[in-house]
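Colleague: give the three-dimensional model of this entry:
(one chain, ligands or ions: 1)
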Amino acid sequence: MPFIKIRNKKGTANKFPPPGYTSWLDFWEKKKGMGATKCEVMLCAKKPDVGGHVIKVGGGKEEYILPMCYGCNNKPEDEVFKAWDSDLVAVE
Ligand SMILES: [Zn+2]
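Modeller: Alright, predicted model coming up:
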């Protein structure tokens, strides 16, 4: 499957990244071994402001981090959007 449907996971503002990571975007970059160059929400590609918490539509409760712009990160929780599955990094 080339892409997947995801939604924002709210209530994560007080969740800090694991020790050794300065932010969730830093967590994503270190796990991927590459810098985040853009918001990875499909058809967006603005500046990656944050590592946003998302969940897969129809998936379980597992959370993933995705580089996102503020606009995409602030989409309501019930708004479905698309991203490449390979861009998601699971939260430990
Ligand atoms: Zn975006």
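Colleague: C-alpha only now, for contacts and for neighbours.
Modeller: OK.
Colleague: ok, which stretches of this structure are strands?
Modeller: 3-8, 50-56, 64-68, 81-84, 89-90 (DSSP state E).
Colleague: how about those strands in TSV, adding distance to residue 22, mean neighbour count and mean pLDDT?
Modeller: Output for the strands of the chain, formatted as TSV (distance: least, Cα to Cα, whole Å; neighbours: other Cα atoms under 10 Å; pLDDT from 0 to 100):
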stretch	distance to residue 22	mean neighbour count	mean pLDDT
strand 3-8	21	19	95
strand 50-56	11	24	97
strand 64-68	14	26	98
strand 81-84	24	17	96
strand 89-90	16	18	96
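Colleague: list the buried ones in stretch 31-43?
Modeller: Using 16 or more other Cα atoms under 10 Å as the test for burial, stretch 31-43 gives 36, 39-41.
Colleague: circling back to that earlier point, mind putting the strands of the chain into CSV with distance to the ion?
Modeller: Shown next, in CSV, are these (distance: least, Cα to the ion, whole Å):
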stretch, distance to the ion
strand 3-8, 12
strand 50-56, 10
strand 64-68, 5
strand 81-84, 10
strand 89-90, 17
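Colleague: these into CSV, with extra columns for distance to residue 74?
Modeller: Shown next, in CSV, are these (distance: least, Cα to Cα, whole Å):
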stretch, distance to residue 74
strand 3-8, 8
strand 50-56, 9
strand 64-68, 10
strand 81-84, 12
strand 89-90, 19
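Colleague: return the distance of stretch 71-85 from the chain's centre.
Modeller: Distance of stretch 71-85 from the chain centroid (Cα atoms, centre = their mean, to the nearest Å) equals 9 Å.
Colleague: ok, stretch 9-17 next?
Modeller: 12 Å.
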